[in-house]
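Novice: coords below, sequence missing:
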């Protein structure tokens, strides 16, 4: 029998695409352990040990990914940040697909991929273990499926759209924005016949079936998502105002705005590209909805990759001949803007050097996240300020815990005063000290908190002793996290002994009240 040799040829286009995909993975793999975990990452990773159909602020996919991460990598910062990097790399693949489909070549691909690769918003999303990485990828996949459906006229593609929308809903509820955007766009641009298809109804049924476990969970827990959105609006979004969204989005995108904004204009008004107008209408609809909701800029990042694909196509096709110099000039400015802002999207500097860099450049670079959630402006990224200090905190807790006798340790409670970051730090960084898990009633930790605690000493994490003097006769300060870059600078650890009352009963009543907020009667 003769040996059969199969030759596989890969076009230059896909070789270039593969280089960008590999570059996305490499830049994250060599930088993602430089800083500590974000407080949200510690919470989300902990969800992997508490699999559920829902959580206080996010649907269940994050918990499943955390479980998978723990099974593969264990307690590893690199492992926790593996999947976000991978999702970013897959996003570049879909950008390349779109560029290829609309007739773009290697130049268009390079422009789109570099713009995506260097934008600080996408660098940050590809670094952190949050629902945002999957959210952006799912938005892009839905966009690709609808793009293929319109281009081919095949309404059967509504079925994978419905499936991806259902999965997207179970990852982050914001997937409803692209759904609203595309439905509006298809109706406005005369493509409503696709919606009239039976496959559209089937896709709705499939999507509803997929999301039903979370809907049931929300109902049985008194709709935590509504409580969360209300608190988010009052404590953060209302502080931004209507101008906060476009300013924040521009900060996350940096130079890529020069690529995607002209593409959006082209999609909306170009006669030659009118077959793609629905994509422009969908994008505008999404952006307007987010603007009206006073959203944070990164909420819109999922809508940007398709515009980058068309931006690369626009620069390659139209900015040639006499306009070539103008095109090269714009591309140069775009590149310089994004490169200058990289330290705000990727952990490439020490925190001290980053602080100095911001002080020198903030006058001419709109770095993202210098305006914190409480509306105040700082000379330091909120994300980076939330990625230091936690290991030191766990060390102070360990010092307090191991100062106890063996009997006291058995009855010791570690309590973080209404902050999931405190409990998350003890969970992740306390593992090397063999610490028991901390208790807090903040965020999803309220579901995991025990109904009762033993009568005994308490290690209390907060900025001050609050009213603990009413409950303990001996309170000592065990440590204070005075890291100047730490968002919780001044956070203290207290060791409380000699109970003056039945602390277990006080806790039991507090736990009952907090848990009852998530119970139907």
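Specialist: Thanks, I have the structure now. This structure is a prediction, so every number in the text was calculated from the model and none was measured.

Novice: residues in contact with the spatially most central residue of the chain?
Specialist: Nearest to the geometric centre of the chain sits residue 132, at 3.0 Å (Cα atoms, centre = their mean). For residue 132, the contact set (Cβ atoms under 8 Å, 6 or more residues apart in numbering) comprises 125, 172, 298, 301. From N, CA and C alone the C-beta is placed, and that goes for glycine too.

Novice: dump the residue contacts of residue 222.
Specialist: 517-520.

Novice: And the residue nearest to residue 197 when sequence neighbours are not counted, how far from residue 207?
Specialist: Using Cβ to Cβ, 6 or more residues apart in numbering and skipping residues adjacent in sequence, the residue nearest residue 197 is residue 155, 3.6 Å away. As judged by Cβ to Cβ, to the nearest Å, residue 155 and residue 207 stand 15 Å apart.

Novice: The two: who's more crowded?
Specialist: Ranked by neighbour count (other Cβ atoms under 10 Å), residue 155 and residue 207 place residue 207 first, with 23 against 20.

Novice: what residues does the host helix or strand of that one touch?
Specialist: Using DSSP states H and E, residue 207 falls within helix 198-220. Identification of contacts with helix 198-220 by Cβ under 8 Å, 6+ apart yields 52-54, 59-60, 155-159, 161-163, 165-167, 169-170, 194, 224-225, 520.

Novice: Mind checking which of the residues you listed land in helices?
Specialist: 158-159, 161-163, 165-167, 169-170, 224-225 (DSSP state H).

Novice: Is it possible to get JSON lines of these that adds distance to residue 430?
Specialist: Formatted as JSON lines, the ones in helices among the contacts of helix 198-220 follow (distance: Cβ to Cβ, whole Å):
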{"residue": "158", "distance to residue 430": "48"}
{"residue": "159", "distance to residue 430": "46"}
{"residue": "161", "distance to residue 430": "44"}
{"residue": "162", "distance to residue 430": "43"}
{"residue": "163", "distance to residue 430": "40"}
{"residue": "165", "distance to residue 430": "39"}
{"residue": "166", "distance to residue 430": "37"}
{"residue": "167", "distance to residue 430": "33"}
{"residue": "169", "distance to residue 430": "34"}
{"residue": "170", "distance to residue 430": "30"}
{"residue": "224", "distance to residue 430": "27"}
{"residue": "225", "distance to residue 430": "30"}
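
Novice: which of the residues you listed lies closest to residue 324?
Specialist: Set against residue 324, the nearest of the ones in helices among the contacts of helix 198-220 by Cβ to Cβ is residue 161 (38.9 Å).

Novice: What about the closest residue to the closest one other than its chain neighbours, how many residues nearby?
Specialist: Nearest non-adjacent residue to residue 161, counting by Cβ to Cβ, 6+ apart: residue 145, 4.9 Å away. Counted with other Cβ under 10 Å, residues neighbouring residue 145 total 20.

Novice: For the stretch 351-500 of the chain, which segments count as helices?
Specialist: With DSSP state H, counting those that start in this stretch as the criterion, the stretch 351-500 of the chain has helices at 351-361, 382-385, 390-401, 406-410, 420-428, 445-448.
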